[in-house]
Structures are given as structure tokens and as C-alpha cells.
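# Here's a sequence, model it:
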Amino acid sequence: MDITTPTAHSHVAHSEATRTSPATSTGSSLLAIRVADVHKRFGATHAVDGISLDVPQGQILALLGQNGAGKTTLIDLVLGLQHPDSGTTEIFGMPPRDAIRRSLVGVVHQSGALLPDYTVAQTLTLFGGTHAHHLPIDRVLAQTDLSDLARRKVGKLSGGEQQRVRLALALLPDPLLLILDEPTAGMDTLARRHFWELMRAQAEAGRSIVFATHYLAEAQDFAERTVIVKAGRVITDGTTDAVRRIDLTRTLTIALDGTRSTNEGQAARVTLETALSALPGSEEWLIEWPPGQVTIQGPDLDEAARLVLAYPGAHGLEITTSSLEDVFTALTA
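Below you'll find the model as predicted:
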């Protein structure tokens with residue numbers, strides 16, 4: 001399993017120099033992000049406690065953790081917005097602020113000051129002037145579904161619309177790395193779907209993407225790699241599929257018309273329950289009998305499925321596997 005489990009603000013990158021490729025002179029690619037044994041304390045709180053993390057170019061990584069786990073502090077350290085007490089962070093092999101000055105990084109924060117009296121187009125034009133090169137503003141407006149709002153003042157936008165403005169500012173310099181901290185906060189379901197469609201297009205274009213989110217389904221559907229942080233430490237790091245397989249629990253649900261609350265039905269249920277308990281591995285199962293059906297939880301339910309499907313009146317078999325949210329809850333509770 002490709003997984004390890006250790007034991008132990010500004011919205012847009014400003015450019016003060018011409019953007020150049022971060023590749024070395026030999027043509028070899030660098031890591032998009034390198035975090036080496038970083039520590040950060042706030043008084044008695046060890047917000048980041050010895051985290052090391054390498055993010056290759058082109059990777060899509062989800063950073064997960066409960067509130068206070070250290071996600072936002074880690075992102076601030078990666079961006080150079082805070083300085084570690086010890087350890088180092090690099091972006092494309094250089095200090096974070098150097099990468100930011102070269103417009104290699106675009107950032108979307110959950111919140112933060114925008115210019116409420118400026119229109120959306122004026123905001124992008126103003127921030128575009130801080131970069132040596134940037135994408136055409138009309139193109140960025142179209143990408144972020146803001147064209148119809150270009151002349152509206154930012155202060156008149158909804159929270160989700162303002163978040164799309166932050167995304168537009170992040171995309172404006174055509175960065176190689178996007179760092180997103182709760183990027184879909186305030187967006188409705190349709191807006192979140194459109195956002196991740198855009199992010200998929202950005203990933204296909206070769207951008208590295210690191211995002212923190214409380215919407216676990218977004219991480220499950222989008223991230224190639226998932227890192228879970230608890231109490232300032234990385235507790236799980238692996239491909240998203242591998243992280244989901246930490247908990248191999250499956251849930252089988254099937255309707256059983258012959259087990260309803262009659263004497264005959266109760267006898268049939270006892271017969272089926274006896275047969276299930278005789279199957280190999282049944283000692284690991286949790287079996288429940290809601291009216292007219294049975295649910296079984298366990299790591300391997302193939303034999304159980306064969307048995308209940310042969311039962312008269314059985315129909316509507318469904319087997320589901322643990323979600324990333326299930327695993328996250330189990331690891332961080």
C-alpha cells in the first residue's frame with residue numbers, strides 16, 4: 001500500500017522580477033514544495049510539530065485536518081507568511097518569497113480583504129499591474145465565471161462570488177503552483193462543482209495544486225494524494241485511494257421481504273442469521289436487522305452477499321466501501 005503513517009496574506013503572489021522557469025540549468029525538474037522538519041510554536045501550542053513534506057511538480061494534494069490541526073499554519077509557513085522556529089520550506093527550490101516575487105505561486109485563502117469599492121474588472125486590472133506578465137483579464141474572468149459580474153463592485157458580491165474573485169486573482173499571473181485554503185467556502189453546490197471542473201483543467205495544464213478543505217468528498221474526488229494532519233503532525237500520507245483503504249470496512253444492505261415481523265418471518269430471520277454466523281470471517285461482522293432488511297458491516301462480505309441473495313424475497317443488494325470521510329473521522333476523532 002502506497003502510504004506512510006508516522007508514529008511520532010496576500011491573495012495573489014506579487015511579482016517584482018521577470019518570471020522565469022524554476023527548472024535547473026541541467027533541465028531537471030524541482031519539487032514544487034519542500035518542507036523539512038518544520039516546527040512552529042505559539043506560546044505553549046506546538047502548531048506545527050516537525051512536519052516534513054515533499055510535493056512533486058504536477059501533483060494534486062489534499063491537506064486535511066480538524067480545526068486547529070495546523071493546516072493553515074503550515075500553509076502560511078510554506079508561503080513565507082510566517083517564519084518557522086526551526087526547519088526550512090522551499091518552493092521550486094528557492095525561498096518562498098523569491099518564488100512569490102517571480103509569480104510562480106497563486107493563492108486562494110478562505111477569507112481576507114478585497115477592495116469593496118472596486119469592480120471585479122478593476123480589481124483584476126489593479127492586481128495585474130503588480131506582475132511583469134499576466135493572463136488576459138477577459139480570459140481569467142471567463143474561466144472563473146465572472147464575466148457577467150465584471151462591472152459589479154466587489155462589496156456587492158456574495159461570499160461565493162468573492163471567493164471566485166480570489167481565485168481569479170490567483171490565476172492571473174499564470175502560476176505553476178496553486179495553494180488553496182478552503183477555496184470553496186461560501187459556494188453553493190453548483191458553484192463548487194464548477195470550481196473543481198476548473199481546477200481539473202488547471203491540473204491537466206500541468207499546475208501543481210495543494211488544497212485544504214473541510215469538504216472531504218472534494219478531496220476524495222479530486223486529490224491524487226492525501227495528507228492528514230493532527231496536532232501539528234502528519235499522521236497519514238499516501239495516495240488518496242491508499243488512504244481510503246486504511247479502513248477496509250464495507251457495508252452490505254439488502255431488502256428481505258420474508259423477515260418482516262410475523263412469526264414465520266422471525267423464524268426465517270433466525271435461520272438466515274444462523275447461516276450467516278457460520279460463514280468464515282463472520283466474527284468480524286456487525287449485523288443489524290432493520291424492518292424488512294439486513295445490513296452487514298465487515299472487511300469481506302462476498303460470501304455474505306452470495307448467501308443473502310439466495311434467500312427468497314431478497315432484492316436491492318447494495319455494497320458500499322468506506323469513504324475518505326470515514327477514514328478521516330476514524331483517524332482524527
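
# Based on its surroundings, how many neighbours for Gly159?
Per other Cβ atoms under 10 Å, the neighbour tally for Gly159 reads 11. Bear in mind the C-beta positions are built from the backbone N, C-alpha and C, glycine included.

# check contacts around it.
Contact analysis of Gly159 by Cβ atoms under 8 Å, 6 or more residues apart in numbering lists 185-187.

# Just read off the phi/psi values of it.
Dihedral pair for Gly159: phi -60, psi -40, per degrees, to the nearest 10.

# can you pull the pLDDT of it?
At Gly159, the model reports a pLDDT of 85.

# where exactly do the helices run in the chain?
Counting by DSSP state H, one finds helices in the chain at the ranges 71-78, 96-101, 120-128, 137-143, 159-171, 189-204, 216-222, 240-244, 263-277, 302-309, 324-332.

# For Phe42, which of those helices is the nearest?
Ranking those by distance to Phe42, with Cβ to Cβ as the measure, places helix 71-78 first at 8.1 Å.

# for the closest one, packing partners?
Judged by 3 or more Cβ pairs under 8 Å, 6 or more residues apart in numbering; DSSP states H and E, the packing partners of helix 71-78 are strand 31-42, strand 45-56, strand 60-64, strand 86-91, strand 177-181, strand 208-212.

# what angle sits between the first one and strand 45-56?
To tie it back to what came earlier, the one meant is strand 31-42. 180 degrees (axes from the mean of the first three to the mean of the last three Cα atoms, to 10 degrees).

# Neighbouring strands of strand 31-42 in the sheet, and parallel or not?
strand 45-56 (antiparallel), strand 86-91 (antiparallel) (DSSP bridges).

# Switch the ones you listed over to CSV; also include mean neighbour count.
Supplementary listing: the strands paired with strand 31-42 in CSV, determined by neighbours: other Cβ atoms under 10 Å:
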stretch, mean neighbour count
strand 45-56, 18
strand 86-91, 18
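
# For the helices of the chain, give me JSON lines that also has distance to Trp285.
Formatted as JSON lines, those follow (distance: least, Cβ to Cβ, whole Å):
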{"stretch": "helix 71-78", "distance to Trp285": "36"}
{"stretch": "helix 96-101", "distance to Trp285": "50"}
{"stretch": "helix 120-128", "distance to Trp285": "56"}
{"stretch": "helix 137-143", "distance to Trp285": "49"}
{"stretch": "helix 159-171", "distance to Trp285": "43"}
{"stretch": "helix 189-204", "distance to Trp285": "35"}
{"stretch": "helix 216-222", "distance to Trp285": "25"}
{"stretch": "helix 240-244", "distance to Trp285": "20"}
{"stretch": "helix 263-277", "distance to Trp285": "8"}
{"stretch": "helix 302-309", "distance to Trp285": "7"}
{"stretch": "helix 324-332", "distance to Trp285": "17"}
